[in-house]
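Engineer: The sequence and its predicted three-dimensional model are supplied below.
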Amino acid sequence: MTNVSYANTGEMRVYALFCGGDFMDMAVFDPFDENVGTKVFNPYFSYLITHPKGNVLFDTAGHPDLATDPHSRMGDAADAFVVKMGPDDWVVPRLKQLGLEPADISTVIQSHLHFDHTGALGWFPHARVLVQRTELDFAMNPPVYQAGAFISADFDSGLNWDRLDGERDVFGDGTIRCIPTPGHTPGHQSLLIDLPSRPLFLLADAHYLLSKLRQRVMPGFLWSPDALLESWDRIEEIERQTNARLVVTHELDFETSVPKSPGEFYS
């Protein structure tokens with residue numbers, strides 16, 4: 001660990017915090033892909049956004065217990081995949097590499113509330129947590145076809161919720177904007193960040209793979225295909241308007257496509 005704070009520079013940056021992942025069948029990414037039946041590594045990421053008004057986390061990735069006893073968190077749903085997380089592959093150690101502690105985070109923004117995005121929420125009871133109201137309602141009483149993806153212990157108590165009903169300009173200066181992108185879940189949202197060099201659009205699970213979004217290929221796990229199609233159209237319209245770089249959380253080529261925190265970042 002380093003004692004140098006890379007994050008407290010006074011400039012806006014986005015650090016991609018790698019938090020391990022799991023091995024999933026390619027069918028989850030595309031049920032009709034030629035490689036269905038092959039297990040692929042599905043990475044988990046949280047994103048630290050530094051801002052003059054406070055440090056922000058977009059998603060909190062997986063709980064550290066997934067590394068050692070996933071059944072204790074997920075029950076029988078853990079049988080569907082194999083988790084691969086090292087001791088440092090979760091949010092708190094990744095923040096420490098940047099010279100930060102959980103107390104240094106003032107705002108958490110949840111794209112949605114699936115377990116691989118909410119696992120470390122319990123370390124941020126002091127922060128305001130921005131979530132779409134429809135997402136929180138859905139997660140508290142999920143339908144059977146998505147119930148295995150939610151771990152209520154991650155989010156059902158002790159958090160300072162800020163329930164959103166649509167877009168939100170997080171600091172009122174246009175630099176960080178929550179954009180609803182439903183489809184994966186009813187309250188899924190993405191994050192548009194106006195970085196100095198080029199806007200960055202963190203899409204979370206609006207699709208698992210950007211190339212499949214471009215092709216309008218439905219993933220194998222979703223809430224509404226019609227809502228997804230509308231969200232993809234909106235995402236690409238924002239891309240055209242802003243020249244934003246689009247980033248999805250679970251990109252399979254993350255080893256080469258994602259800047260490595262702590263030394264690399266989006267700026």
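Structural biologist: Good, I have the coordinates. Residues are numbered from 1 along each chain as shown.

Engineer: pLDDT (mean, whole number) over stretch 103-113?
Structural biologist: Averaging pLDDT along stretch 103-113 yields 98.

Engineer: ditto for stretch 254-267
Structural biologist: Rounded mean pLDDT across stretch 254-267 is 96.

Engineer: Straight-line length of that stretch, end to end?
Structural biologist: Counting by Cα to Cα, to the nearest Å, you get 18 Å between the two ends of stretch 254-267.

Engineer: which residues are in contact with that stretch?
Structural biologist: 2, 6, 11-18, 43, 45, 48, 94, 97-98, 193, 195-197, 200, 245, 247, 251 (Cβ atoms under 8 Å, 6 or more residues apart in numbering). From N, CA and C alone the C-beta is placed, and that goes for glycine too.

Engineer: hmm, try it at 6 Å
Structural biologist: Here stretch 254-267 makes contact (Cβ atoms under 6 Å, 6 or more residues apart in numbering) with 6, 13-17, 43, 97-98, 195, 197, 200, 251.

Engineer: Show me the strands in this protein, by range?
Structural biologist: 13-25, 39-50, 55-58, 82-84, 105-109, 128-132, 160-164, 168-169, 176-180, 189-193, 200-204, 245-248 (DSSP state E).

Engineer: between the ones you listed, which one is nearest to Val144?
Structural biologist: strand 13-25 (19.9 Å; Cβ to Cβ).

Engineer: Can you mark which positions in the closest one are buried?
Structural biologist: Of the residues in strand 13-25, 13-22, 24-25 count as buried by neighbour count, 16 or more other Cβ atoms under 10 Å.

Engineer: Which other helices and strands does that strand contact?
Structural biologist: strand 39-50, strand 82-84 (3 or more Cβ pairs under 6 Å, 6 or more residues apart in numbering; DSSP states H and E).

Engineer: which one of those strands is the most hemmed in?
Structural biologist: strand 39-50 (a mean of 22; mean count of other Cβ atoms under 10 Å).

Engineer: Ranking helices and strands of the chain by mean pLDDT, which lands last?
Structural biologist: Within the chain, confidence by mean pLDDT, DSSP states H and E is lowest for helix 70-74 among all helices and strands, at a mean of 89.
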